[in-house]
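Participant: here is a sequence with its predicted model. Questions after.
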Amino acid sequence: MKIFITPEDILKRCLWDSYVYYIVGSDKEGEKLLKENKEFELSERDAIVIGLLKVIETDNLVHRFNDYITHFLTVRSLKEKENLWIRKKAIETAIDKYYEKFPDYWKPTRDWELAISEMNDYIKKLRTNLEKLEITKLTIQNVSYDFYNSNAVKKFLVINTF
């Protein structure tokens, strides 16, 4: 299969951080490629590695973010005492990491600026809600960590946002 794509197309599919990390290798080189924005052939192997083959193009970044957080909670939650728990620090880091999908050196079009602005507002609201959640301390291997209930976090995600 031949896949022809531009760096900006990869970014618009929210895969830029994976592409830079796994394929390009450095943020400097990634910045250079994005500024040139020339179409190139991406190998099928590289497309699989960054997740390109399972992505639908959309500018609904709130939906993309919700998918990202839902997947994160599914993979990283810990079952303890009949509940699922997620470390407070882990979810905060995951939210911060999502911003790497849209580097500062990218100049988005007006519609993408609006989508990013909506996403930023949504994330701020989510962070405010997370601060209100009850923190549970669990001890794992003699170290105490702060946890949120994973289901409580999921309840803050607004699904079907248009």
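Facilitator: Thanks, I have the structure now. Computed from a predicted structure; not experimentally measured.
Participant: which helix or which strand is home to the residue positioned nearest the centre of the chain?
Facilitator: The residue lying closest to the centre of the chain (Cα atoms, centre = their mean) is Y98, at 3.6 Å. If you go by DSSP states H and E, Y98 is part of helix 88-98.
Participant: can you map out the strands along this protein?
Facilitator: 3-5, 40-42, 78-80, 83-87, 136-140, 143-149 (DSSP state E).
Participant: take the ones you listed and write them to a markdown table, including mean pLDDT and mean neighbour count.
Facilitator: The way it works is simple: take the backbone N, C-alpha and C, and place the C-beta from them, glycine included. Converted to a markdown table, the strands of the chain look like this (pLDDT from 0 to 100; neighbours: other Cβ atoms under 10 Å):
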| stretch | mean pLDDT | mean neighbour count |
| --- | --- | --- |
| strand 3-5 | 93 | 12 |
| strand 40-42 | 94 | 13 |
| strand 78-80 | 89 | 12 |
| strand 83-87 | 94 | 19 |
| strand 136-140 | 88 | 11 |
| strand 143-149 | 93 | 16 |
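Participant: nearest to R127, out of those?
Facilitator: Minimum separation from R127 across the strands of the chain (Cβ to Cβ) falls at strand 143-149, 12.2 Å.
Participant: can you list the strands that that closest one pairs with?
Facilitator: Using DSSP bridges, strand 143-149 pairs in its sheet with strand 83-87 (antiparallel), strand 136-140 (antiparallel).
Participant: care to break the chain down by domain?
Facilitator: With domains defined by automatic domain parsing, the chain comprises 3-54, 61-155.
Participant: now the helices: where do they sit in the protein?
Facilitator: Chain-ordered helices for the chain, with DSSP state H as the definition, fall at 7-12, 16-18, 27-36, 44-50, 61-76, 88-98, 110-132, 150-155.
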